[in-house]
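A.B. asks: Okay, here's the prediction I keep looking at, along with the sequence it came from:
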There are 2 protein chains.
Amino acid sequence: MTPASQLDATFTALADPTRRAILARLALGEASVTELAQPFAMSQPAISKHLKMLERAGLISRGRDAQRRPCRLEAQPLAEANDWLERYRQLWEANFQRLDALLDEMKAQAKAVTDKNQGKNQGE
Amino acid sequence: MTPASQLDATFTALADPTRRAILARLALGEASVTELAQPFAMSQPAISKHLKMLERAGLISRGRDAQRRPCRLEAQPLAEANDWLERYRQLWEANFQRLDALLDEMKAQAKAVTDKNQGKNQGE
């Protein structure tokens, strides 16, 4: 896969809450299809379909044990997706800083109003 | 949108090289549809379709200027997608460490072989 088509496959695989939940489970360790299907109100074939997509995207691999074929998370494509997003960190951090500055300004204004009112009350 | 459906929309939007390139261009500043279409071998309607999807996912917003309607990047959903991926950082960093250890071991073995051969040559 080219880097671009790997990113396409990774982001497509991540665009589903069941597949994200499967990855979250596998982050804790290997699991069989039966174990993975348990927390979901889903049939094993439905889970198997998600697993096939995750496997094609290289996000999981399957063990050789013919009976269990345990699934395991492969983190490398997640690292590459993270690298892509990291390029935009500056932008969202700039937004947070602007928001922080705005909140500070609002707090200062609220304090000024309170102080002014207290001054009035003490003057009365 | 719930946090889960926002992640679905964000990852779906990112799963396409043209949409990722549009975001990369917008990271440099606002741009009109005409400006965005230029570097791509794509019609303006095709680009507009991608922009609509990015807008629905909240990854871009459009200006009010009726003529240009400049597009601008909205980084917040990217920050949330990044947060989701960050949970797996430990896993891929552990993999990198294992790979580093393996490379160190291979280098040490290669050095041992070289040293041994040099010792032989000197003995001849």
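C.D. replies: Here it is on my side, so go on.
A.B. asks: quick one, strands of chain A?
C.D. replies: A:60-62, A:71-73 (DSSP state E).
A.B. asks: so A:Ile60 makes contact with A:Glu30?
C.D. replies: No: at 9.7 Å, A:Ile60 does not count as touching A:Glu30 under the criterion of Cβ atoms under 8 Å. Glycine gets a C-beta too; all of them are placed from N, C-alpha and C.
A.B. asks: Next one: A:Ala110 from chain B, what distance?
C.D. replies: 25 Å (Cβ to the nearest Cβ, to the nearest Å).
A.B. asks: count of neighbours near that residue?
C.D. replies: Residue crowding around A:Ala110 was assessed by other Cβ atoms under 10 Å in any protein chain shown; the count is 10.
A.B. asks: Now do A:Met53, the pLDDT please.
C.D. replies: With respect to pLDDT, A:Met53 has a value of 96.
A.B. asks: Check the gap between A:Gln97 and B:Leu99 for me.
C.D. replies: 36 Å (Cβ to Cβ, to the nearest Å).
A.B. asks: how about the residues of chain A near chain B?
C.D. replies: Chain A comes close to chain B at residues A:4, A:7-9, A:11-12, A:14-17, A:20, A:23-24, A:27, A:73, A:75-76, A:78-79, A:81-82, A:84-89, A:91-92, A:94-95, as judged by Cβ under 8 Å from any Cβ of the partner chain.
A.B. asks: do that again at 6 Å, thanks
C.D. replies: A:4, A:8, A:11-12, A:14-15, A:17, A:75, A:78-79, A:81-82, A:85, A:88, A:91-92, A:95 (Cβ under 6 Å from any Cβ of the partner chain).
A.B. asks: Narrow the residues you listed to just the buried residues.
C.D. replies: Listed as buried from the residues of chain A next to chain B are A:8, A:11-12, A:14-15, A:75, A:78-79, A:81-82, A:85, A:88, A:91-92; burial here means 16 or more other Cβ atoms under 10 Å in any protein chain shown.
A.B. asks: Now tell me which helix or strand of chain A has the poorest mean pLDDT.
C.D. replies: helix A:89-123 (a mean of 80; mean pLDDT, DSSP states H and E).
A.B. asks: List the buried residues for that helix?
C.D. replies: Those buried within helix A:89-123 under the rule 16+ other Cβ under 10 Å are A:91-92.
A.B. asks: That helix packs against which elements?
C.D. replies: Helices and strands in packing contact with helix A:89-123 are not found; criterion 3 or more Cβ pairs under 6 Å, 6 or more residues apart in numbering or on different chains; DSSP states H and E.
A.B. asks: Could you check how far that helix is from the centre of its chain?
C.D. replies: 32 Å (Cα atoms, centre = their mean, to the nearest Å).
A.B. asks: can you tell me the distance between the two ends of stretch A:59-71?
C.D. replies: End-to-end distance for stretch A:59-71, by Cα to Cα, to the nearest Å: 10 Å.
A.B. asks: tell me which residues of it are tucked away?
C.D. replies: In stretch A:59-71, counting by 16+ other Cβ under 10 Å, buried: A:59-60, A:62, A:70-71.
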